[in-house]
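Visitor: Below is the sequence, then the predicted model.
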Amino acid sequence: SKGDDNRRESSAFINPDMDTEAYYEGKNMALFEEEMDSTPMVSSFLNKLANYTNLTQGVREHEEAEDGVRRAAVMVPHMGTFIGVYLPCMQNILGVILFVRLTWIVGTAGILGSLAIVSMCCICTLLTAISMSAIATNGVVPAGGSYYMISRSLGPEFGGAVGLCLYLGTTFAGSLYILGTIEILLLYIIPPEKVVKETTANDMRIYGTCCLLLMALVVFVGVKYVNKLALVFLSCVVLSIMATYAGAIKTAIKPSNFSVCLLGNRTLKNEMFEKCAKTDVELWNLFCDSPYPNATCDEYFALNNLTEIQATPGVLGEVINDNLWGNYGPDKMVIERKDLSSVAAEANNDKLKNYVFNDWATYFTLLVGIYFPSVTGIMAGSNRSGDLRDAQRSIPIGTILAILTTSFIYISCVVLFGACIEGVVLRDKFGFSVKTKPVISILAWPSPWVIVIGSFFSCCGAGLQSLTGAPRLLQAIARDGIIPFLQVFGHGKANGEPTWALLLTVGICEIGILIASLDHVAPILSILCSAPPIGDLALRMSLCLSLMFISSWIYALVVIVIAGCIYKYIEYKGAVKEWGDGIRGLSLNAARYALIRLEEAPLHTKNWRPQLLVLCKLNSELQVTHPRLLSFATQLKAGKGLTIVCSVLEGTYMTRGDEAKKGEKVPQFVQSFALIAGLGGMKHNAVLMAWPTGWKQNRDSSARRNFIETVRETTSAHQALLVAKNIDHFPANQERLKEGTVDVWWIVHDGGLLMLLPFLLSQHKVWRKCKMRIFTVAQMDDNSIQMKKDLQMFLYQLRLNAVVEVVEMHDSDISAFTYEKTLVMEQRSQMLKQMQLSRTEREREIQSITDVSRTSIKRKTCSSITKLIRLYIMSPSVQAQLIHDRNTASHSAANDKAAGATSDRVHMTWTKDKLQNERNKHKENMAVKDMFNMRPEWENLSHSNVRRMHTAVKLNDVVVKKSCNSELVLLNMPGPPKNKKGDENYMEFLEVLMEGLDRVLLVRGGGREVITIYS
């Protein structure tokens, strides 16, 4: 109806009767629907991409994957840039070194030396932070922090080795901060009451162990409490630094009340007296044996006067000049002021304890090792990447800001200390000359206790940060599975706290505390923390290595050995990981550079080695037909240089792509391998292949043609060719030849490859015990004795240990056996040509031969004709036998006619028995001769073929006689004829040449010298 027509016209669908919505649902992208399984829609992929979780974030997911139990979600506190990265880095950097050692470093190294130390260390950390930022902004950074970034950038081997060094460094940093805390506690806060009376070191050990257990308990409770305490501790650090700057400004206006007492030019410890005067009883008793005026006093005390100077005279030019240069000294050297005069006196070691002296020898590298741990706190933020809200944003910003801030603080403090504090006070490490107070505290305003309390809490906070970051770093390494024996430390509490890793960290940290010396732990920390080569900056790596050996070359070597052992262990036993590390990129660049360099100049003879192209044949299951060919290539190369293994699959890559990948097949034609294989200068120069053993039995001549064409192609490409006969009889890599010889038959000189190959084989354990023998052939006009001497001298110059023998081959008559061989060869070639006729022509030829046979041979039975017909369809071996029988008959007839006669062209050698046998066979084979209706006589044979066969037979006789029991025979391989009409005979010559030998390697040189007698 009309209404229906209108409805159809107004409808947007061709067939409105069906469910149009269902029909067109999901058809917007029908063009891509066949590939939806491998390439999903972007809309469905974006959600997975934004919430990518194929990275380890917490222990809970790890444990769920193991036991299959879904646990309730536990919210872990996530932190931002300021609290999560900036504050921890600031707290670790502005730690114990700033408050208890920086003044001593400035006084010993001078202002210039201290600026050099600070600048060098800060530049190193800044370069590290820049490299780390480049990696952090390249993708998601889960738990593991610096270890994760190193391992994903440099691979699991480097990541594991450097990650463990980082872990040990962070753990020993905890020991350093705890020792600093105890030093401040025992020296400046608590009166010197000894728990153990013998040594102060035992006090450090006992108090340090207690402090470590307390901090470990806080960390075990949870990271959120550490973060809350971090704010308190960091506020104390900020107040201390502000008090230091305020005190420096105040000393410029009014010097402080702290003074130093000098006896002559020597600095005294003023903790035992109040007044710097000889009338002071306490001071008098320190140097005299009684309080009376007539007491016997120390000679130096009696001859020199006491001088009291300001400890912080303010910003003066004289102080800056005195502190500009370094004041290094040996162990037990008393700290003296150079501009004061003194009267020399005999040294009294009993009174040395009253002076301030060096507790050990000072030098520049020692100060670098002690200072460097102060800047290693840059990893404090990245080690907690699993607790950050946005690690790839927070780590770069927070770390670089912390480095810039602390670098400014350290550099400004170096200048302020050198400009405001007296030099003898700066060199007083423990502040004994200023009433046993931290030297930095005498510069503080309003009270020295601000520095003492601030430094104490700063060291406590830094220790907590180290004990928080180190277990998480170890947990990340363990959960990656690259070090099998550490996997137990990947487990922890349900909220992700690394309990087992914390226990190990506490144990290692205790080792550092038992050292009981901040100055001895600091170099260890310097070495461990300067080891990680994050990024690809050559300046950073060279600077890190320099700092390692400057700090302590002994510790540097130990750490390098440890890291190397870890690297090799991970490489040997670690799990196989593929993280797309940057080492692959470096390897690619190095390979590209090397390939370009290889093509800059032609290869010298001294650098020539066989770079093999191995042509393998595969069976129907894509298995190598001759696996010993690959074993021989391995023995020849010993795992060095280039070896390309290839084969051919007929068909296209689309139809047989999977098989090609499985078998790793490349080019389409064997002959093209010699031309297209390799890349640039990294190209093969020799082709290794197996002798086609079944070429006679194969009705198809393709095997023969492929072999000969391969010989021609390699020759034209100036490449060497190695052909192994009976390759399946060659020894496998697991075999060991305990004795035997490798015989080299040096017939023609083709570059010396025959000399080089047995030497290379002797380097492999399979052939190592085989002796080398070299045979050469002397002709009629050659002096065999002189040839042997020359060859021995040549081998001596080549440094080859081999037995030399010269074989004399005089001109001789061509034997009947040679003619027979040649005749069989030519008849077989003719028969192969006839076998290539079409089926119709073949039947016509058989019929014509049958007709001729019936009319000319009446006595021949039907079976004889049947044998003739079968001759064209039977195997080549049977054909050759029949031809041989016919040839024998022909030879007998010829001999009957020419008995006693001598030919002008050839000389035939016959024995009496041989002649009689040939005559007896004459009558039996006349029917066969007539049946073929052909009369090929010896005189009609090709003279070139006869001469070639003669050479092959004579040389084979000599080789078999000398080398039939050899483990391997190397022979010069003659080239194919230039005229391709003789290709069918070439294989026969080679067969005769190798007849009677088991393992043979035919060698054809590439046309260039490969050995030289010059070094």
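Guide: The structure has been received and is ready for your questions. Numbers count the residues shown, from 1 in each chain.
Visitor: Now do the helices in the stretch 101-250 of the chain.
Guide: 102-136, 146-154, 156-184, 200-221, 223-253 (DSSP state H, counting those that start in this stretch).
Visitor: on contacts alone, who are the packing partners of the third one?
Guide: Taking 3 or more CB pairs under 8 Å, 6 or more residues apart in numbering; DSSP states H and E as the contact definition, the neighbouring helices and strands of helix 156-184 are helix 96-100, helix 146-154, helix 200-221, helix 448-480, helix 499-515, helix 518-529, helix 553-573. Yep, even glycine has a C-beta here, placed from its N, CA and C like the rest.
Visitor: Can I get the second one in PDB? Just the C-alpha atoms.
Guide: Once non-C-alpha atoms are left out, helix 146-154 reads as follows in PDB (Å, rounded to 0.1, in the frame of the first residue of the first chain):
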ATOM      1  CA  SER A 146      66.000   3.400  43.400                       C
ATOM      2  CA  TYR A 147      66.500  -0.400  43.000                       C
ATOM      3  CA  TYR A 148      63.400  -0.700  40.800                       C
ATOM      4  CA  MET A 149      64.700   2.100  38.600                       C
ATOM      5  CA  ILE A 150      68.200   0.700  38.300                       C
ATOM      6  CA  SER A 151      67.100  -2.800  37.600                       C
ATOM      7  CA  ARG A 152      64.600  -1.800  34.900                       C
ATOM      8  CA  SER A 153      67.100   0.500  33.300                       C
ATOM      9  CA  LEU A 154      70.200  -1.700  33.500                       C
END
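Visitor: How far off centre is that helix?
Guide: Here helix 146-154 shows a centroid-to-chain-centroid distance of 16 Å under the convention CA atoms, centre = their mean, to the nearest Å.
Visitor: Then the shortest one?
Guide: Distance, stretch centre to chain centre, for helix 96-100: 41 Å (CA atoms, centre = their mean).
Visitor: Can you name every helix or strand that that helix contacts?
Guide: Looks like helix 96-100 contacts helix 156-184, helix 391-420, helix 448-480, helix 518-529 (3+ CB pairs under 8 Å, 6+ apart).
Visitor: how about the ones you listed, which one is nearest Ala246?
Guide: helix 448-480 (9.4 Å; CB to CB).
Visitor: Just want the angle from the closest one to helix 200-221.
Guide: 60 degrees (axes from the mean of the first three to the mean of the last three CA atoms, to 10 degrees).
Visitor: Check which residues of helix 448-480 are buried.
Guide: 448, 450-480 (16 or more other CB atoms under 10 Å).
Visitor: mind listing the strands for the protein?
Guide: For the chain, applying DSSP state E gives strands covering 259-263, 266-267, 306-310, 612-615, 643-646, 686-690, 720-725, 741-746, 771-778, 802-808, 814-815, 908-909, 968-972, 1000-1004.
Visitor: and the longest one, which strands flank it?
Guide: When pairing is defined by DSSP bridges, strand 771-778 lines up against strand 741-746 (parallel), strand 802-808 (parallel).
Visitor: Would you mind putting those into JSON lines with mean pLDDT, distance to Met215 and mean neighbour count alongside?
Guide: JSON lines is the format used below for the strands paired with strand 771-778 (pLDDT from 0 to 100; distance: least, CB to CB, whole Å; neighbours: other CB atoms under 10 Å):
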{"stretch": "strand 741-746", "mean pLDDT": "91", "distance to Met215": "71", "mean neighbour count": "23"}
{"stretch": "strand 802-808", "mean pLDDT": "88", "distance to Met215": "73", "mean neighbour count": "16"}
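Visitor: Dead centre of this protein: give me the residue that sits there.
Guide: Centroid-nearest residue in the chain, with CA atoms, centre = their mean: Ile583, separated by 8.0 Å.
Visitor: That residue contacts Leu154, correct?
Guide: Yes: here Ile583 reaches Leu154: they are 5.8 Å apart, a contact under CB atoms under 8 Å.
Visitor: What residue spans form the domains of the chain?
Guide: 54-65+75-256+364-432+441-534, 259-310+329-362, 552-601, 612-853+946-1004 (the TED database).
Visitor: gap between the second one and the chain center?
Guide: Here the centre of mass of C-alpha atoms in domain 259-310+329-362, compared against the chain's by CA atoms, centre = their mean, lies 62 Å away.
Visitor: end-to-end on that domain?
Guide: In domain 259-310+329-362, first residue to last residue: 25 Å (CA to CA, to the nearest Å).
Visitor: And for stretch 969-977?
Guide: Terminal-residue distance, stretch 969-977 (CA to CA): 24 Å.
Visitor: Dump the strands of the chain to JSON lines, plus distance to Asn227.
Guide: Shown next, in JSON lines, are the strands of the chain (distance: least, CB to CB, whole Å):
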{"stretch": "strand 259-263", "distance to Asn227": "42"}
{"stretch": "strand 266-267", "distance to Asn227": "44"}
{"stretch": "strand 306-310", "distance to Asn227": "43"}
{"stretch": "strand 612-615", "distance to Asn227": "63"}
{"stretch": "strand 643-646", "distance to Asn227": "58"}
{"stretch": "strand 686-690", "distance to Asn227": "67"}
{"stretch": "strand 720-725", "distance to Asn227": "71"}
{"stretch": "strand 741-746", "distance to Asn227": "74"}
{"stretch": "strand 771-778", "distance to Asn227": "75"}
{"stretch": "strand 802-808", "distance to Asn227": "77"}
{"stretch": "strand 814-815", "distance to Asn227": "101"}
{"stretch": "strand 908-909", "distance to Asn227": "106"}
{"stretch": "strand 968-972", "distance to Asn227": "74"}
{"stretch": "strand 1000-1004", "distance to Asn227": "74"}
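Visitor: With Val946 as the reference, name the closest of the ones you listed.
Guide: strand 814-815 (6.3 Å).
Visitor: okay, now Arg705: neighbour count?
Guide: For Arg705, the count of nearby residues is 14 (other CB atoms under 10 Å).
Visitor: what about Ile190, neighbour count?
Guide: When neighbours are counted by other CB under 10 Å, Ile190 comes out with 11.
Visitor: Give me the distance between it and Trp360.
Guide: 25 Å (CB to CB, to the nearest Å).
Visitor: go on, Cys121?
Guide: As judged by CB to CB, Cys121 and Trp360 stand 21 Å apart.
Visitor: higher neighbour count, those two?
Guide: Neighbour totals were compared for Cys121 and Trp360, and Cys121 leads with 23 against 12 (other CB under 10 Å).
Visitor: gap between the two ends of stretch 414-425?
Guide: 14 Å.
Visitor: so for it, what's the average pLDDT?
Guide: The average pLDDT within stretch 414-425 is 91.
Visitor: Now do the buried residues in it.
Guide: Buried, per 16+ other CB under 10 Å, within stretch 414-425: Val414, Val415, Leu416, Phe417, Gly418, Ala419, Cys420, Ile421, Glu422, Gly423, Val424, Val425.
Visitor: Would you mind checking the average pLDDT for stretch 689-696?
Guide: Here the average pLDDT along stretch 689-696 is 82.
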